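> Let me see the structure of the following:
(one chain, ligands or ions: 1)
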Amino acid sequence: MSDFDFDQIQKTVEAELERITSFQQLQVFQHKYLGRKGVIPSLTRQLSKLEPVQRRQLGQRINALKQRLINYIAEKEPLFKTQASSQSFSLSELSLPGIAQELGHLHPITRVIEEICGVFMRMGFSVVEGPEIETEYNNFTGLNIPLEHPARDVFDTFYLEPRAWIRDRKELKERLLLRSHTSPVQIRVMRARKPPLAVVVPGRVYRPDAVDASHSFMFHQIEGFMVDEDIRFSDLKGVLEVFLKAIFGQEISMRFRPHFFPFTEPSAEVDIGCIICKGEGCSVCSRKGWLEILGAGMIHPNVFKNVGYDPNKYTGFAFGLGVERIAMLKYSINDIRLFFENDLRFLKQF
Ligand code: DAH
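This is a model prediction of the structure:
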């Protein structure tokens, strides 16, 4: 390689620079001259074959040219870039598809609550909500749950700062707690209104349970009750049959098992035939063929007395169900924690 060759190369470079009018052309030029196998690096490699004197001279010229190209590119690149983006805007932006916003939706638990309440509303029930902080009376005593009942223990109910209540709020004779079920809303509604009543009560409840696949310290229940002068156990059966068939399908079978609740007499637990194995016996129903769905019964006369109703005049039924349990069965979900972890991979499926 001689100085003459290099003069020639330099001329070509200048001519090519003149012709660059776009970012794309600039990139092609950069690749051609400065890329790893480009013209400048290969010239530099050839230098080693030259005599020291010539090597130094030519080396300086190559370096100067290289620096000129680097400066040129650094200067022009931003200009060509803005030009490129404004061009693509004017030419094609109008016909590009829009940027779709992600739409949120209701939480699966909210959807199940709305679905269940919807079924009861179509049967004439109204929906009422009560506070999550309750009095010990509404949560237990008014519901005929005696003082010695294990559910009233501090290990089974969240009491709110018991010592502070006694010390600072002397006017407050009762302890407050986080309601452990939605049944206390029975007391509130019956105190505030007169029969006939048909009410469902969705809401959060709290229990100091260790969290695992089937337990959470907070979950949701729906309480329901009906009170009038001639409400019978057969009314309870009819209402629950309509409800369970609406949620789990018309083919579902159901059974009432005798049980005990302090606030109902007689009381029952209600099962449906296992929706997974259709009664054959599987792991979901612990090989029983039946799934426990809710508790129910005829409202205890003591509860009526506690709210000032005449138990000789009025009768009524009540029931309570766990929303998570129904949602888990309905959607085949095996871990209650999924509802509360806010993992979008789970939530987006609904
Ligand atoms: N309160 C009960 C619980 O949390 C559920 C329940 C059972 C409610 C029977 C009722 C009922 O109204 O009649 O376990």
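
> What's the first helix or strand after the helix or strand hosting residue 15?
Using DSSP states H and E, residue 15 maps to helix 3-19. The first helix or strand that comes after helix 3-19 along the chain, using DSSP H and E, is helix 23-34.

> Only C-alpha atoms, please: export that following helix in PDB.
Provided in PDB are the C-alpha atoms of helix 23-34 (Å, rounded to 0.1, in the frame of the first residue of the first chain):
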ATOM      1  CA  PHE A  23     -29.900   7.100   9.200                       C
ATOM      2  CA  GLN A  24     -29.900   3.800   7.400                       C
ATOM      3  CA  GLN A  25     -27.200   5.000   4.900                       C
ATOM      4  CA  LEU A  26     -25.200   6.200   7.800                       C
ATOM      5  CA  GLN A  27     -25.300   2.800   9.500                       C
ATOM      6  CA  VAL A  28     -24.300   1.100   6.200                       C
ATOM      7  CA  PHE A  29     -21.400   3.500   5.900                       C
ATOM      8  CA  GLN A  30     -20.300   3.000   9.500                       C
ATOM      9  CA  HIS A  31     -20.300  -0.700   9.100                       C
ATOM     10  CA  LYS A  32     -18.300  -0.500   5.800                       C
ATOM     11  CA  TYR A  33     -15.500   1.600   7.200                       C
ATOM     12  CA  LEU A  34     -15.400   1.100  11.000                       C
END
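
> Quick check: mean pLDDT of the very next helix or strand once past it?
Of the helices and strands lying after helix 23-34 in sequence (DSSP H and E), the nearest is helix 39-46. The average pLDDT within helix 39-46 is 90.

> now stretch 122-137
97.

> name the helices or strands packed onto the helix holding residue 15?
Judged by 3 or more C-beta pairs under 8 Å, 6 or more residues apart in numbering; DSSP states H and E, helix 3-19 is in contact with helix 23-34, helix 39-46, helix 52-92. For every residue, glycine as well, the C-beta is placed using N, CA and C.

> will you turn those helices into TSV that also has mean neighbour count and distance to residue 159?
Converted to TSV, those look like this (neighbours: other C-beta atoms under 10 Å; distance: least, C-beta to C-beta, whole Å):
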stretch	mean neighbour count	distance to residue 159
helix 23-34	16	70
helix 39-46	15	79
helix 52-92	13	63
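
> looking at those helices, which has the lowest confidence?
Looking at these, the bottom one is helix 52-92 with a mean of 84.

> Can you name the next helix or strand after that helix?
Next along from helix 52-92, by DSSP H and E: helix 108-122.

> Contacts (any at all) between the ligand and that next one?
No: Helix 108-122 does not reach the ligand (C-beta under 6 Å from any ligand atom); its nearest approach is 13.6 Å.

> one step back: okay, buried residues for the helix holding residue 15 please.
Residues of helix 3-19 classed as buried: 6, 9, 13, 17 (neighbour count, 16 or more other C-beta atoms under 10 Å).

> try stretch 129-141
Those would be 130, 134, 135, 136, 138, 139, 140, 141, for stretch 129-141 by 16+ other C-beta under 10 Å.

> what's the nearest residue to the residue of the stretch 51-200 of the chain found nearest the ligand if we skip its chain neighbours?
Here the stretch 51-200 of the chain gets closest to the ligand at one residue, residue 181, 3.2 Å apart by C-beta to the nearest ligand atom. Distances taken as C-beta to C-beta, 6 or more residues apart in numbering put residue 205 closest to residue 181, at 5.4 Å, once the chain neighbours are dropped.

> For the one you found, pull up the helix or strand it's in.
Counting by DSSP H and E, residue 205 is found in strand 197-206.

> what do you get for residue 318?
Using DSSP H and E, residue 318 falls in strand 315-322.

> Do any residues in the following helix or strand past that strand lie close to the ligand?
As assigned by DSSP H and E, the chain's next helix or strand after strand 315-322 is helix 323-331. No: Helix 323-331 does not reach the ligand (C-beta under 6 Å from any ligand atom); its nearest approach is 11.2 Å.
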